[in-house]
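Trainee: here is my input, please return the structure:
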Amino acid sequence: MSVFQVDEQNGVTLAKLRNIGLMAHIDAGKTTVAERILYYTGRTHRMGDVDDGDTTMDWMDQERERGITIVSAATTTYWRDHRIHLIDTPGHVDFTVEVERSLRVLDGVIALFCGVGGVEPQSEAVWRQAEKYGVPAIAFINKMDRAGADFERVVADIERRLEARPVPVVLPLFEGEDFVGVLDLVAEQAVYYRDEDLGATYREEPVPEDKREEFEACRKRLIHDVSEQDEALFEKYCLDEHIGPDELRAGLRKATLSGRVVPVLCGSALKNKGIQRLMDAVVDYLPSPADLPPTVGFCEDGKPVERVHSSEDSPAALAFKVVTDRHVGRMVYVRVYSGKLEAGSYIYNATKGKRQRIGRLLQMHADRQEKREVLYCGEIGVAVGLSDTTTGDTLCDQENPILLEAIEFPTPVLSVSVSPRSSAEKDRFARALACLAAEDPTFTVARNTETDETVISGMGELHIEVVVERLRREFGIDPEVGAPRVAYRETMTRPARVEHKHVKQTGGRGQYAHVVLELEPLAPGGGFEFSNEVRGGAVPREYVPAIERGVLEAMAEGVFADSPVVDVAVRLVDGSAHEVDSSEMAFKTCARRAFREGFLRGAPQLLEPVCSVTITAPEEFSGAVTGSICSRRGRITGIESRSGTQLISTIAPLSEMFGYATELRSITGGRGQFDMRFERYEPVPGELAQEVIRRKRD
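Mentor: Numbers count the residues shown, from 1 in each chain. Below is the predicted model:
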């Protein structure tokens, strides 16, 4: 009998369940922390090492070879009689989709920060993602054993750059230059970790006398910060009464769940120090599903509806990830918000409006599966057999439908053409791309009918590179890959009015449509707006949807640079119809041509994606680095010195950043690195725009 079956019989209450994630900048130590958590909780019997490529959570061959996390991995473990669902997320910006969909279903997060690097660019990005979903966090400052690690500076960094209120609950403990343990401000103890048993055991002693003054000052500050959020604690604090560990934990938990404070811990995962205290903090301060308010969704008629967190309520679950396994088939990761899912039962997909059968249920341990018969409220697991379910779909009871908030994903910014090397691989090639696109909403596949090319798009060079490598390894297809192409956009800069008639007379019934459109630019990010302002029935209502479809088709095709049009408002203000010759097709064709004509009158402008680029390099190379980025049309926005290195913040066009990793390594002797993420679209300078248009049309 598995440990999960035992728990189902004995009952794991919602209060003893934690759904947490690990999030951080790349190379902050997330996977190493996850390995220690699994080891100390007894889930594994040996610690994997990222450098050796034998970690549990980084199970893909590419992850082990590259030493980075590419896909989020889920597992379940236990600590102090609590069941903990843990998701290890990637730190590279190209795989931000994995962080986004994980945070959508998690109740709390561990935010990791490097003791030397502090709050790095992707740390800030994932923190903002967690804020968007209102996910409470605890912070763990890792790598305190490294030269240059500075606990107080990182805490100040969290407060300044993340606009959070960090409250240290431990302090680093050093003997000379060696990091040996922590001072626990809550339990009022010094904790020393043993090197001989990989940190599995530790000793707790009174706080050393030479640290007592600093300890008391920091504990008093902790109590002050927490008591501001708890009336009972504040009264005891004002009366200068002693506040015990249990009272302080309760106050800290209350303040953390409300998002008003962020408990901060520290340690060294690589040196096996501080992880047990981190797990205690997960149990003590992060929420269980029982702490959350009812889940709010919508009925089919658009009215809000609630589901309480109980296995007795009607089922409501969110599909947040889809994976295709060569042995198991299509695996849908789900979070159960209410009710329960049972293997072999039917469930209603409210997003698709389809009834589906759950074939099997699984609990994941990275890439290994453990069979479940039931997934209860609050749990995260995998359903097999839901062939029509995709990321963001809601699963519920057909008699009590609910539609949960879907997940928003960023738009891909980089494209390349791919093709199979032989016609015999065409069908297999198409199926492989469809599988990968179903797994990753930020990876798209399109067919360019003009050039007869298959175009794949992703979030960056590494993202595309990983997808192509997966085609080779998992599907046995070695595609031909074209040069990277940037996802340009078109917009207009001034209003325009256009009148167009589509008249075509043949031997039989002809075609007639007449529209008058007013086009107007919207603010960046405004998208598309369409309105019908025709009065008196000059254009019959049944033809208005066809007019909108014609406009959308023209926008998708592009007008002057064969790139999609964005940020435009279109108003239908007049027109006419013929009682015999008018049709939906005629009005769609007329609208498409009218839009193209009006758009060209509106001073069209080509837009390109620009990225925020943060470069980390030794100070002696800063001049060469700034020179190289400026030669790529980059703009320096800030330079910050940190322990012999410089962080150079820039804004640069994506089109100029291809191959920059190789150039940066050459400039800095292999010691420089950079982080890049899509920021926004900006106009392309005039002469360059003409060159881009010429290349696209050749």
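
Trainee: name the element the residue nearest to the spatial centre of the chain belongs to?
Mentor: Nearest residue to the geometric centre of the chain (C-alpha atoms, centre = their mean): Glu100, 2.4 Å. In this structure, Glu100 is located in helix 96-105 according to DSSP states H and E.

Trainee: how about stretch 129-136: buried residues?
Mentor: Neighbour-count burial for stretch 129-136, counted by 16 or more other C-beta atoms under 10 Å, picks out 129-130, 135-136. Heads up, the C-betas are built off the backbone N, CA and C, glycines and all.

Trainee: among these, which are located in strands?
Mentor: Among those, no member falls in strands (criterion: DSSP state E).

Trainee: closest to Ser582 out of these?
Mentor: Among the buried residues of stretch 129-136, Gln129 lies closest to Ser582 (C-beta to C-beta), at 49.3 Å.

Trainee: would you state the helices of the stretch 451-600 of the chain in chain order?
Mentor: Assigned by DSSP state H, counting those that start in this stretch, the helices in the stretch 451-600 of the chain fall at 461-475, 544-557, 584-601.

Trainee: to Arg421, which of these lies closest?
Mentor: helix 461-475 (11.3 Å).

Trainee: name the helices or strands packed onto that closest one?
Mentor: helix 61-66, strand 414-419, helix 426-439, strand 453-458 (3 or more C-beta pairs under 8 Å, 6 or more residues apart in numbering; DSSP states H and E).

Trainee: figure out which of those is closest to Glu474.
Mentor: Nearest to Glu474, of all the helices and strands packed on helix 461-475, is helix 426-439, at 7.8 Å by C-beta to C-beta.

Trainee: which helix or strand lies directly C-terminal to that closest one?
Mentor: strand 444-448.

Trainee: paired strands for that following strand, with orientation please.
Mentor: Counting by DSSP bridges, the strands paired with strand 444-448 are strand 453-458 (antiparallel).

Trainee: show me how far the helix holding Glu100 is from its chain's centre.
Mentor: Its chain's C-alpha centre and that of helix 96-105 lie 4 Å apart, by C-alpha atoms, centre = their mean, to the nearest Å.

Trainee: start the count at 638, not 1, going forward
Mentor: OK, 638 is where the count begins now, so the last one is helix 733-742.

Trainee: now for it, which elements pack on it?
Mentor: Against helix 733-742 (3+ C-beta pairs under 8 Å, 6+ apart) you get strand 654-660, helix 758-769, strand 953-962.

Trainee: buried residues in the last one, which are they?
Mentor: What it means is strand 953-962. 953-961.

Trainee: make JSON lines out of the helices of the stretch 1088-1237 of the chain and add distance to Val844.
Mentor: Output for the helices of the stretch 1088-1237 of the chain, formatted as JSON lines (distance: least, C-beta to C-beta, whole Å):
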{"stretch": "helix 1098-1112", "distance to Val844": "46"}
{"stretch": "helix 1181-1194", "distance to Val844": "66"}
{"stretch": "helix 1221-1238", "distance to Val844": "71"}
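
Trainee: buried deepest among the ones you listed, which one?
Mentor: Highest mean neighbour count of the helices of the stretch 1088-1237 of the chain: helix 1221-1238, a mean of 22 (counted as mean count of other C-beta atoms under 10 Å).

Trainee: ok so, going back, which of the buried residues of strand 953-962 lies closest to Ser1200?
Mentor: Distances from Ser1200 to the buried residues of strand 953-962, taken by C-beta to C-beta, are shortest for Val959, at 29.4 Å.

Trainee: check the buried residues of strand 953-962 and tell me the two furthest apart.
Mentor: That would be Ala953 and Thr961, which, of the buried residues of strand 953-962, are the farthest apart (C-beta to C-beta) at 25.3 Å.

Trainee: if we can go back for a sec, mind putting the buried residues of strand 953-962 in CSV, pLDDT included?
Mentor: As requested, those are exported to CSV (pLDDT from 0 to 100):
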residue, pLDDT
Ala953, 94
Ala954, 95
Leu955, 94
Ala956, 93
Phe957, 90
Lys958, 87
Val959, 87
Val960, 84
Thr961, 80
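
Trainee: quick one on the thing from earlier: what's the closest of the helices and strands packed on helix 733-742 to Val1103?
Mentor: Among these, strand 953-962 sits nearest to Val1103 (C-beta to C-beta), with 14.7 Å.

Trainee: can you tell me the strand partners of that closest one and which way each runs?
Mentor: Using DSSP bridges, the strands paired with strand 953-962 are strand 966-975 (antiparallel), strand 1031-1033 (antiparallel).

Trainee: considering these, which stretch scores lowest in mean pLDDT?
Mentor: Across these, strand 966-975 has the smallest mean pLDDT, namely a mean of 90.

Trainee: quick check: bridge partners of Ser905?
Mentor: Taking DSSP bridges as the rule, Ser905 bridges to Lys910.

Trainee: that one and Leu1051: what is the separation?
Mentor: Ser905 is 37 Å from Leu1051, where distance means C-beta to C-beta, to the nearest Å.

Trainee: cool, Gln759 as well?
Mentor: Relative to Leu1051, and taking C-beta to C-beta, Gln759 is found at 18 Å.

Trainee: sorry, back to before: for the residue nearest to the centre of the chain, give me its contacts.
Mentor: Counting by C-beta atoms under 8 Å, 6 or more residues apart in numbering, Glu737 touches 766, 1044-1047.

Trainee: which one of the buried residues of strand 953-962 sits closest to Glu800?
Mentor: The closest of those, once distances to Glu800 are taken by C-beta to C-beta, is Phe957, at 27.4 Å.

Trainee: so where is this structure shaky, pLDDT-wise?
Mentor: 638-649, 685-708, 728-731, 1050, 1085-1089, 1143-1145, 1280-1281, 1307, 1334-1335 (pLDDT under 70).

Trainee: leaving out sequence neighbours, find the closest residue to Val960.
Mentor: Met968 (4.7 Å; C-beta to C-beta, 6 or more residues apart in numbering).

Trainee: burial count for the one you found?
Mentor: 20 (other C-beta atoms under 10 Å).

Trainee: pull the contacting residues for it.
Mentor: Going by C-beta under 8 Å, 6+ apart, Met968 touches 959-962, 999, 1019-1021.

Trainee: for it, give the beta-bridge partners.
Mentor: Beta-bridge partners of Met968, as defined by DSSP bridges: Val960, Val1021.

Trainee: what about it, distance to Tyr983?
Mentor: 19 Å.

Trainee: Phe1258 now?
Mentor: 62 Å.

Trainee: more neighbours: the two, which one.
Mentor: Counted by other C-beta under 10 Å, Phe1258 and Tyr983 do not tie: Phe1258 has more neighbours, with 19 against 11.
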